[in-house]
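**Q** sequence plus predicted model, see below.
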Amino acid sequence: MAVYTDINEVDLKAFLTQYDAGELMSYKGIAEGVENSNFLLHTTAGSLILTLYEKRVEKSDLPFFLGLMHHLSSRGVNCPLPLPRHDGALLGELSGRPAALITFLEGMWLRKPEPAHCREVGRALAGMHIASDGFALRRANALSLDGWKTLWAKSAGRADEVLSGLEEEIGAELAFLEGAWPKGLPEGVIHADLFPDNVFFLGDQLSGLIDFYFACNDMLAYDVSICLNAWCFEKDGSYNITKGMALLDGYNAVRPLSAAEIAALPVLARGSALRFFLTRLYDWLTTPEGALVVKKDPIEYLRKLRFHRQVASAAEYGLETA
Ligand SMILES: Nc1ncnc2c1ncn2[C@@H]1O[C@H](COP(=O)(O)OP(=O)(O)OP(=O)(O)O)[C@@H](O)[C@H]1O
Ligand SMILES: N[C@@H](CCO)C(=O)O
């Protein structure tokens, strides 16, 4: 469960007096997510989410994330909005952590997405890419090539504890990606973590996107590759080409991928599989036993990485290539 930092009622009530957020009626920790501590609040003004930002979020990045939510929302993307305090600030502090109050988004995330949902996700991702155009702030992707190397340096020596041969395999993969990483593809603001648990649906209708705390400036097609990894594989590790086709069709209908972006997808997908493998591996090796968080399996992403390694062209993802 992702409540790393506990809060008490007295401090929470004092925190709420800084906002126009009504009187506190109840609150509880949310048992999902792995990055930040989240609480659901019921106040006389309605439901709100309180987020306390934890280890992987740099305080100096918060104006980018919170400003982006404002920008996207003003361009018609349904995403949570941070509430301003009476003094106008979007960020406060609670229990010694940076904290924000954000609007509650109706909907549920899908445990078993179908191809029709993948199409909606593709459309929403492309819509977000277009809507983020004109956002004035910039944030480099801290989890691209350099970030992967830093993370790997912290885990490499113990990687074979998880699976024999891993140190050699991942070392070789990093060397390959360093040489093959695409340059010059269209860039913009990417979500960078658009997994099923960050997309809400009401019935079969996509109702909103959450969790912009990895958003950054990078290649737009890299975000597409993240979604292929997160939405289009089955529990048994197989790639579902029907889902891939639907996701890519949905994306193309709103923002057509260029021939260069399509050609780069297999390498981008290797990179994004490696990115989630590395953060999961690091957490796997460093999260103490008994911590109140469900550790995610790094090997799931090693299998995806191995799949992409043998993909010859984006046609194998379900996309017609020229
Ligand atoms: N604005 C919101 N409206 C409704 N529910 C929300 C909202 N923000 C967060 N939640 C709830 O909190 C859970 C965790 O939120 P979130 O995904 O932002 O956490 P995280 O720790 O950053 O997780 P992740 O592992 O995806 O990075 C969500 O699955 C959802 O149930
Ligand atoms: N979506 C990520 C967790 C948040 O970074 C994962 O599944 O590994």
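**A** It's in. Ligands and ions are numbered 1, 2, ... in the order given.

**Q** now do the helices in this protein.
**A** 9-16, 62-74, 115-131, 145-155, 159-162, 166-180, 220-231, 241-254, 259-286, 298-309 (DSSP state H).

**Q** need the winner for burial among the ones you listed.
**A** Among the helices of the chain, ranked by average contacts under mean count of other Cβ atoms under 10 Å, first place goes to helix 220-231 (a mean of 26). (C-beta placed from N, C-alpha, C; glycine too.)

**Q** what would the helices of the chain look like in JSON lines with mean pLDDT?
**A** Output for the helices of the chain, formatted as JSON lines (pLDDT from 0 to 100):
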{"stretch": "helix 9-16", "mean pLDDT": "96"}
{"stretch": "helix 62-74", "mean pLDDT": "95"}
{"stretch": "helix 115-131", "mean pLDDT": "98"}
{"stretch": "helix 145-155", "mean pLDDT": "97"}
{"stretch": "helix 159-162", "mean pLDDT": "94"}
{"stretch": "helix 166-180", "mean pLDDT": "98"}
{"stretch": "helix 220-231", "mean pLDDT": "98"}
{"stretch": "helix 241-254", "mean pLDDT": "98"}
{"stretch": "helix 259-286", "mean pLDDT": "97"}
{"stretch": "helix 298-309", "mean pLDDT": "98"}
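
**Q** can you redo these as a markdown table with distance to ligand 2?
**A** Putting the helices of the chain into a markdown table (distance: least, Cβ to the nearest ligand atom, whole Å) gives the following:
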| stretch | distance to ligand 2 |
| --- | --- |
| helix 9-16 | 26 |
| helix 62-74 | 14 |
| helix 115-131 | 14 |
| helix 145-155 | 12 |
| helix 159-162 | 15 |
| helix 166-180 | 16 |
| helix 220-231 | 7 |
| helix 241-254 | 16 |
| helix 259-286 | 5 |
| helix 298-309 | 7 |
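
**Q** for those, give me CSV that also has distance to residue 193.
**A** Formatted as CSV, these follow (distance: least, Cβ to Cβ, whole Å):
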stretch, distance to residue 193
helix 9-16, 27
helix 62-74, 11
helix 115-131, 12
helix 145-155, 14
helix 159-162, 22
helix 166-180, 19
helix 220-231, 7
helix 241-254, 16
helix 259-286, 9
helix 298-309, 13
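
**Q** which of those helices sits closest to residue 98?
**A** Nearest of the helices of the chain to residue 98, taken as Cβ to Cβ: helix 62-74 at 6.1 Å.

**Q** got the angle for the closest one vs helix 115-131?
**A** Orientation check (axes from the mean of the first three to the mean of the last three Cα atoms, to 10 degrees): helix 62-74 against helix 115-131 gives 110 degrees.

**Q** tabulate the CA atom coordinates of helix 62-74 in CSV.
**A** C-alpha atoms of helix 62-74 as CSV (Å, rounded to 0.1, in the frame of the first residue of the first chain):
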residue,chain,number,x,y,z
LEU,A,62,6.4,20.1,-8.9
PRO,A,63,5.6,23.4,-10.6
PHE,A,64,6.1,21.5,-13.9
PHE,A,65,3.7,18.7,-12.9
LEU,A,66,1.0,20.9,-11.3
GLY,A,67,1.3,23.6,-14.1
LEU,A,68,0.9,20.8,-16.7
MET,A,69,-2.3,19.6,-15.2
HIS,A,70,-3.7,23.2,-15.3
HIS,A,71,-2.5,23.6,-18.9
LEU,A,72,-4.0,20.3,-20.1
SER,A,73,-7.3,20.8,-18.3
SER,A,74,-7.7,24.2,-19.9
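
**Q** picking up where we left off before, closest to residue 209 out of the helices of the chain?
**A** helix 115-131 (6.3 Å).

**Q** gap between that closest one and the chain center?
**A** In this view, helix 115-131 has its centroid 14 Å away from the chain centroid, taken as Cα atoms, centre = their mean, to the nearest Å.

**Q** what's it packed up against?
**A** helix 62-74, strand 187-190, strand 199-202, strand 205-209, helix 220-231, helix 241-254 (3 or more Cβ pairs under 8 Å, 6 or more residues apart in numbering; DSSP states H and E).

**Q** and residue 303, which of those is closest to it?
**A** Comparing the helices and strands packed on helix 115-131 by Cβ to Cβ, helix 220-231 comes nearest, at 10.6 Å.
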